[in-house]
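*Asks:* kindly return the folded structure for what I paste below:
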Amino acid sequence: MTEDLIVRTTRAGEEVIVSLEGELDLATMDAVRAALTAAVSPTAATVIVDIARLSFMDASGLGLLIAAHRRCADAGCRLTLRHPTGVVERILDIASPTHHLSVERRAPSGRLAADNPTLPTLAGGLRRAEG
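*Replies:* Numbering: from 1, shown residues only. Coordinates of the predicted model:
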């Protein structure tokens, strides 16, 4: 059963924040695609997709975020996925090293962690982000 998905977009100067709440899957991805397409514009230097309240994401949702990342890069802006949790974070842990997704995480204390902290690879080892 698919939950409703709430999509909110806010703009602050050159930054666009697209906040998602609920489930991102095949049934709900059109609304997210529309919001992300509108967010990538000549005036946006950064597009942040706040996924802290995203409770589920399937492969179609991941594919949508990867495509948005590529569109953003082609347009000269940066796309960052902010504060993943639970199953969404585990999916990104597997996909981020391969697709070079920028992920902003919370440190255990609630403070922000650096982009792409130590991530497990598919082989089960650890990869430490450079930088």
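*Asks:* now for the longest strand along the chain, which elements pack on it?
*Replies:* Among the elements of type strand in the chain, defined by DSSP state E, the one spanning the most residues is strand 46-57. Packed against strand 46-57 by the contact rule (3 or more C-beta pairs under 8 Å, 6 or more residues apart in numbering; DSSP states H and E) you find strand 15-24, helix 29-39, helix 59-75, strand 78-82, helix 86-99. In short, each C-beta sits where N, CA and C put it, glycine included.
*Asks:* centre of the chain to the second one, how far?
*Replies:* Same thing as helix 29-39. Remark: helix 29-39 is offset 13 Å from the chain centroid, using C-alpha atoms, centre = their mean, to the nearest Å.
*Asks:* then it to CSV, C-alphas only?
*Replies:* What follows is the C-alpha trace of helix 29-39 in CSV, where atoms were taken according to Å, rounded to 0.1, in the frame of the first residue of the first chain:
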residue,chain,number,x,y,z
MET,A,29,7.3,9.8,-8.6
ASP,A,30,5.6,12.1,-11.1
ALA,A,31,5.0,14.8,-8.5
VAL,A,32,8.7,14.6,-7.5
ARG,A,33,9.8,14.7,-11.1
ALA,A,34,7.8,17.8,-11.7
ALA,A,35,9.2,19.6,-8.6
LEU,A,36,12.8,18.6,-9.5
THR,A,37,12.4,19.7,-13.1
ALA,A,38,11.1,23.1,-12.0
ALA,A,39,13.8,23.4,-9.4
